[in-house]
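Student: pasting the sequence and the predicted coordinates here, then a few questions.
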Amino acid sequence: MGTDHIVKSFDEALTRLAEVIQRMGGIAETQISEAIDAVVRRDAELASRVIEDDRKVDTLESQVDDMAIKLLALRQPVASDLRFVVGTLKISAEIERIGDYAKNVAKRAVALSQIAPLKPAHVIHRMGDVAQQMIKDVLDAYANRDVERADAVWARDAELDELYSSLFRELVTYMMEDARNITGSTHMLFIAKNIERIGDHATNIAEQVHYIVTGKSIEATRPKGDETAFAVVRPGGGS
Amino acid sequence: MNTMVANKAKAAQPQGAGPAALKVVARDVNVHYGQKHALKGVSIDIPDRSVTAFIGPSGCGKSTFLRCINRMNDTIANARVDGSIKLDGADIYDPAVDVVQLRARVGMVFQKPNPFPKSIYENVVYGPRIHGLAESRADLDAIVEKSLRGAGLWDEVKDRLREPGTGLSGGQQQRLCIARTIAVEPEVILMDEPCSALDPIATAVIEELIEELRKDFTIVIVTHNMQQAARVSQRTAFFHLGLLVEVDDTEKIFTNPQDARTQGYITGRYG
């Protein structure tokens, strides 16, 4: 925020708010990577820990709410400070949703650990890596008020959407090959969808960072690679 | 205040019909107090029937510029004003302009309420009387009621119009001063920190009044209270070291100012 505020305690309150977001983001990142590991390694115990961790994110979210409301009431921030406080409130809600999606992935990991292994786990792994990196980058962008980095995360969502689309087609063919794959493939499809949604929330955070720094919203429309809503896969005919 | 509106109907712009008409247009205004260059090349457009707030640190030139708009600086011996300030397109520094008439069109409310040591009634009729705006006692009575109603004070003082204005509370005195100002039916009202001597409730009453007054008058307000500028004005101008740094819609100034100096001042990161 450039120069220091005349009232030091105001700057300190803003810094504390940013720190809580970093902690939330750190937990969410871990949640994602551990949830994916739990899927790939068929580790129900690890999955339970991820589910447990979601409470921490929820607690931190309400902490952000309290701090932000207090700041608004007592300091009446304006201009870049106002954008920061309001943007931070929204970002914390986005991270909370990311935590929920990671939790859902972990729940499905428990279910998957009880049935026969499925092939496309490596694509899930790849999607998880991309999503995790997006969150890491966007939170670094937030911490450093780095609009270029935020914009790069925003553009990267298309990659995740494309991975999801290709996995969708792959899973549909497995299900057509053998009906016994349906349970596992359906769980896998939801897992992939959850990760794809995590990417969307990372994109929303990127938009908030862009707004906090520049005071303007990102001009272009969001890049879209997920076309599964329109996909038709025919038996034996490919997509 | 209906007749006041009618009197100025010619200048009125239909509501919502494109950009508001400009009431005051200043170009390259410089003020020197002796050797001191207090105001440096200020150019600003002030729209009709709206509130424009001037903000900035002490000594930034905002009050100096406010006082240019009704030539109050003429009363300061070593002050020199150059540049152009037009009111409805006519230069107010034209030698042919009658300053007394100008100040009837451009009224002023000061920081400390300064009622005359006379009755409430006499405070209000003083201006209309010297400007010859009333012919009879009934005219004066009508002006008193209209002005006090316009200033939101009528109900509180209608039964004690003969009592001294100085006996009112601070907030009431300030509203009496506003009544005195609008009694001569000005077009522009300049307010120099009108609430800085008032408590928060009296301040809120004045702010509500400003919101009402802007339907009929062009208001320019100097304030040190940035929240007040944010609350009452449609346009905000930030002055710094004698320069007009930035002027824009108030909403824009307080959410996304364009100049780093404005940003620094309003967020309290003023170096």
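Tutor: Noted; the coordinates are in hand. Numbers count the residues shown, from 1 in each chain, chains lettered A, B, ... in the order given.
Student: tally of neighbours for A:A141?
Tutor: 24 (other C-beta atoms under 10 Å in any protein chain shown). C-beta: built from backbone N, CA, C; applies to glycine.
Student: what stretches of the chain score poorly on pLDDT?
Tutor: Went with chain A since none was named. Scanning chain A for pLDDT under 70 picks out A:1-2, A:220-225, A:233-239.
Student: please go with chain B instead
Tutor: B:1-20, B:271.
Student: list the residues that contact the closest residue to chain A within it.
Tutor: Chain A sits closest to B:N256 of chain B, with a gap of 3.2 Å, by C-beta to the nearest C-beta. Applying C-beta atoms under 8 Å, 6 or more residues apart in numbering or on different chains to B:N256 gives the contacts A:A79, A:R83, A:G215, A:K216.
Student: and for B:D248?
Tutor: For B:D248, the contacting residues are B:R235, B:T236, B:P257, B:Q258, by C-beta under 8 Å, 6+ apart.
Student: by neighbour count, which of the contacts of B:N256 wins?
Tutor: A:A79 leads the contacts of B:N256 on contacts (other C-beta under 10 Å) with 22 neighbours.
Student: surely it meets B:E251?
Tutor: No - A:A79 lies out of contact with B:E251 (C-beta atoms under 8 Å); the separation is 11.2 Å.
Student: dump the residue contacts of B:D141.
Tutor: By C-beta under 8 Å, 6+ apart, the contact set of B:D141 is empty.
Student: dihedrals phi and psi, the residue in chain A positioned nearest to chain B?
Tutor: Residue nearest to chain B within chain A (C-beta to the nearest C-beta): A:G215, separated by 3.2 Å. When read as degrees, to the nearest 10, the backbone of A:G215 gives phi 80, psi 0.
Student: test my guess that it contacts A:D81.
Tutor: No - using C-beta under 8 Å, A:G215 makes no contact with A:D81, being 11.8 Å away.
Student: before we move on, back to that, how close does the residue of chain B closest to chain A get to B:E193?
Tutor: Distance of B:N256 to B:E193, computed by C-beta to C-beta, to the nearest Å: 26 Å.
Student: do the same with A:A109
Tutor: Taking C-beta to C-beta as the measure, A:A109 falls 65 Å from B:E193.
Student: so for the two, which residue has more residues nearby?
Tutor: Between A:A109 and B:E193, counting by other C-beta under 10 Å, A:A109 is the more crowded of the two (27 against 19).
Student: who in chain A is up against chain B?
Tutor: Proximity of chain A to chain B is confined to A:1-7, A:10, A:76-83, A:215-216 under the rule C-beta under 8 Å from any C-beta of the partner chain.
Student: center of chain A - which residue?
Tutor: Residue closest to the average C-alpha location in chain A (C-alpha atoms, centre = their mean): A:I198, at 3.1 Å.
Student: for the closest residue to that residue other than its chain neighbours, helix, strand, or coil?
Tutor: Nearest-residue entry for A:I198: A:A131, 4.6 Å, with adjacent residues in sequence omitted and distances by C-beta to C-beta, 6 or more residues apart in numbering or on different chains. Following DSSP: H, G, I helix; E, B strand; the rest coil, we place A:A131 in the helix state.
Student: OK, contacts around A:A131?
Tutor: Contact partners of A:A131, counting by C-beta under 8 Å, 6+ apart, are A:I32, A:L160, A:I195, A:I198, A:G199, A:A202.
Student: quick one: which two of those residues are the most distant?
Tutor: Greatest spatial distance among those (C-beta to C-beta): A:I32 and A:L160, at 12.0 Å.
Student: what touches both of the two?
Tutor: A:A131, A:I195.
Student: just to revisit the earlier point, measure the residue of chain B closest to chain A to B:G56 for me?
Tutor: 19 Å.
Student: same check on A:S92?
Tutor: A:S92 is 35 Å from B:G56, by C-beta to C-beta.
Student: check B:G171 too.
Tutor: 26 Å.
Student: more neighbours, the two?
Tutor: In terms of neighbours (other C-beta under 10 Å), B:G56 is the more surrounded of B:G171 and B:G56; the figures are 26 against 21.
Student: is it true that the more buried one touches B:F239?
Tutor: Yes - contact criterion C-beta under 8 Å: B:G56 and B:F239 qualify, at 3.6 Å.
Student: quick one, phi psi at A:L82?
Tutor: phi -60, psi -40.
Student: oh sorry, the question was meant for B:D28
Tutor: The phi/psi pair for B:D28 (degrees, to the nearest 10) is phi 50, psi 50.
Student: follow-up on the earlier one: list the residues that contact both of B:G56 and B:F239?
Tutor: When contacts are counted by C-beta under 8 Å, 6+ apart, the set common to B:G56 and B:F239 consists of B:K62, B:V245.
Student: is residue 126 in a helix, a strand, or coil?
Tutor: In the absence of a named chain, this looks at chain A. The three-state assignment at A:R126 reads helix, by three-state DSSP.
Student: I figured it hits A:L163, correct?
Tutor: Yes - judged on C-beta under 8 Å, A:R126 makes contact with A:L163 at a distance of 6.2 Å.
Student: okay, these two: which has more neighbours?
Tutor: Between A:R126 and A:L163, counting by other C-beta under 10 Å, A:L163 is the more crowded of the two (23 against 17).
Student: which parts of stretch B:66-86 are buried?
Tutor: The neighbour-count check on stretch B:66-86 (16 or more other C-beta atoms under 10 Å in any protein chain shown) flags B:66-73, B:79, B:81, B:83, B:85-86 as buried.
Student: so of those residues, which ones are in helices?
Tutor: Residues of those located in helices (DSSP state H): B:L66, B:R67, B:C68.
Student: filter the residues you listed down to the ones near chain A?
Tutor: Within these, nothing lies near chain A by C-beta under 8 Å from any C-beta.
Student: rebuild those as a markdown table, extending it with distance to A:D65.
Tutor: As requested, these are exported to a markdown table (distance: C-beta to C-beta, whole Å):
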| residue | distance to A:D65 |
| --- | --- |
| B:L66 | 42 |
| B:R67 | 47 |
| B:C68 | 48 |
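Student: between the residues you listed, which is closest to B:V222?
Tutor: Of those, the one sitting nearest to B:V222 (C-beta to C-beta) turns out to be B:L66, at 5.2 Å.
Student: quick check: that closest one touching B:L190?
Tutor: Yes - B:L66 lies in contact with B:L190 (C-beta under 8 Å); the separation is 5.3 Å.
Student: shared neighbours, the two?
Tutor: Counting by C-beta under 8 Å, 6+ apart, the residues touching both B:L66 and B:L190 are B:V220.
Student: ok, the closest residue to A:M67 other than its chain neighbours to A:A68 distance?
Tutor: Nearest-residue entry for A:M67: A:L17, 5.2 Å, with adjacent residues in sequence omitted and distances by C-beta to C-beta, 6+ apart. Plainly put, A:L17 is 6 Å away from A:A68 if you go by C-beta to C-beta.
Student: need the residues touching each of these two.
Tutor: Here A:L17 and A:A68 share the contacting residues A:V85, A:T88, scored by C-beta under 8 Å, 6+ apart.
Student: and the residue positioned nearest the centre of chain B, helix, strand or coil?
Tutor: In chain B, the C-alpha nearest the mean C-alpha coordinate belongs to B:L190, at 1.6 Å (C-alpha atoms, centre = their mean). Put simply, B:L190 is strand when judged by three-state DSSP.
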